[in-house]
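**Student:** Below are the sequence and a predicted model; questions follow.
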Amino acid sequence: MRGGFMIKFTTEKTRDWVSYLSAISKITDEVCFHIDTDKLWFRGMDPAHISMIDFEIPKEDFSSYEPAKEEAVVCVLLDRLLPFVKKSRKDEKMEVLMDPKAGKFRIKITGNYRREFLTPVLDTTEKSPLKLPKVEYMTNIKMTTSALKEALRDIKLISEKVKITSSEDKLELRGETEEGIETAVTFLATDVDVLDAKLKDGASATYNVELMSSVVAELERISSIVNLDYGTDLPLKLTFEFPEEQRFNFYLAPRIEQ
């Protein structure tokens with residue numbers, strides 16, 4: 001059991017991994033980790049191909065990092081893995097061991113006692129990396145993740161979609177129903193929760209609020225600042241900031257209104 005694993009890494013930031021994996025689970029049931037000599041990364045889409053996550057952690061962020069000699073791709077089912085990881089506590093250490101050739105993925109969580117979880121890995125035959133959207137954005141707002149989370153919660157109370165519009169000094173998130181019920185949250189460039197803003201007058205796009213809100217809610221626990229980029233009928237891009245060099249970007253296709 002302890003000898004044959006060709007990939008191994010450990011981290012003290014187990015609760016951060018709960019947030020990463022929980023956010024990824026909002027768009028897919030399957031996660032494919034790419035592990036090379038200097039980083040671990042994931043890039044995946046939801047089944048409807050309207051959202052994408054681009055996630056990367058450098059080796060320096062791990063307590064120990066032992067990759068294989070060549071880049072490996074290891075795919076597992078999140079619905080089995082995540083409940084086990086979610087039980088971890090802040091002071092516990094997580095050790096991950098992978099053997100793609102033998103088809104094994106093992107997690108060990110150590111605190112007051114040790115727990116282990118073993119799952120088969122999935123077939124990786126066609127796992128070529130997805131390409132990121134090439135978009136030039138004219139509108140960007142850098143703000144606290146908590147403020148965006150609360151704004152999206154307000155929109156979700158009445159609507160399944162959020163319309164984002166901007167003028168030169170403000171960004172508005174709006175939800176509405178067919179019965180004429182509306183709610184709106186406005187962020188001014190001078191608001192305390194807005195750290196920086198480059199706003200294009202008249203930019204407007206509509207997005208799925210459930211997907212956007214669920215990812216923001218998970219990452220708000222570990223990322224205090226988010227950059228929101230969008231444009232008229234362009235994909236939304238959320239870039240979450242972290243103290244180290246982690247990368248977590250979320251893309252969401254616009255809803256084309258009739």
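**Tutor:** Noted; the coordinates are in hand. Numbers count the residues shown, from 1 in each chain.
**Student:** now what about stretch 85-98, what contacts it?
**Tutor:** Counting contacts by Cβ atoms under 8 Å, 6 or more residues apart in numbering, the residues outside stretch 85-98 that touch it are 5-12, 14-15, 17-18, 21-22, 33, 35, 63, 72, 74, 104-111, 115, 121. Glycine gets a C-beta too; all of them are placed from N, C-alpha and C.
**Student:** Whichever of the residues you listed end up buried, select them in ChimeraX.
**Tutor:** Selecting only the buried members of the contacts of stretch 85-98 in ChimeraX, with burial defined as 16 or more other Cβ atoms under 10 Å, works like this:
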select :5,6,7,8,9,10,11,14,15,17,18,21,22,33,35,72,74,104,105,106,107,108,109,121
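**Student:** Narrow the contacts of stretch 85-98 to those in strands?
**Tutor:** With strands taken from DSSP state E, the overlap with the contacts of stretch 85-98 comprises 7-11, 33, 35, 72, 74, 104-110, 115.
**Student:** Low-confidence ranges, the stretch 151-258 of the chain, go.
**Tutor:** Counting by pLDDT under 70, the ranges of the stretch 151-258 of the chain that qualify are 257-258.
**Student:** Please enumerate the helices of it.
**Tutor:** For the stretch 151-258 of the chain, the helices defined by DSSP state H, counting those that start in this stretch cover 209-219.
**Student:** Please enumerate the strands of it.
**Tutor:** In the stretch 151-258 of the chain, the segments counted as strands under DSSP state E, counting those that start in this stretch are 161-166, 170-176, 182-188, 194-198, 204-208, 225-230, 236-241, 247-252.
**Student:** Could you dump these into a markdown table and include mean neighbour count?
**Tutor:** Putting those into a markdown table (neighbours: other Cβ atoms under 10 Å) gives the following:
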| stretch | mean neighbour count |
| --- | --- |
| strand 161-166 | 22 |
| strand 170-176 | 19 |
| strand 182-188 | 15 |
| strand 194-198 | 16 |
| strand 204-208 | 20 |
| strand 225-230 | 21 |
| strand 236-241 | 20 |
| strand 247-252 | 20 |
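**Student:** So for Ser146, which of these sits nearest?
**Tutor:** The closest of these to Ser146 is strand 225-230. By Cβ to Cβ, the value is 9.5 Å.
**Student:** what's around the residue lying closest to Val135 once chain neighbours are set aside, how many residues?
**Tutor:** The spatially closest residue to Val135, leaving aside those adjacent along the chain, is Leu234, at 5.6 Å (Cβ to Cβ, 6 or more residues apart in numbering). Taking other Cβ atoms under 10 Å as the neighbour definition, Leu234 ends up with a count of 18.
**Student:** Can you name the residues that contact Leu234?
**Tutor:** By Cβ under 8 Å, 6+ apart, the contact list for Leu234 reads Val135, Tyr137, Ala205, Pro254.
**Student:** Also Ile158?
**Tutor:** The contact partners of Ile158, taken as Cβ under 8 Å, 6+ apart, are Gly175, Glu176, Thr177, Ile181, Glu182, Thr183.
**Student:** May I ask which two of those residues are separated the most?
**Tutor:** That would be Thr177 and Thr183, which, of these, are the farthest apart (Cβ to Cβ) at 9.4 Å.
**Student:** Need the residues touching each of those two.
**Tutor:** A shared contact of Thr177 and Thr183, defined by Cβ under 8 Å, 6+ apart, is any residue touching both; here these are Ile158, Ser159.
**Student:** Please parse the chain into its domains.
**Tutor:** Here the domain parsing of the chain from automatic domain parsing is 7-120, 139-252.
**Student:** Now find how far off-centre the last one is within its chain.
**Tutor:** Between the centre of domain 139-252 and the centre of its host chain there is 15 Å, according to Cα atoms, centre = their mean, to the nearest Å.
**Student:** where's Ile27 relative to Leu238, distance?
**Tutor:** 12 Å (Cβ to Cβ, to the nearest Å).
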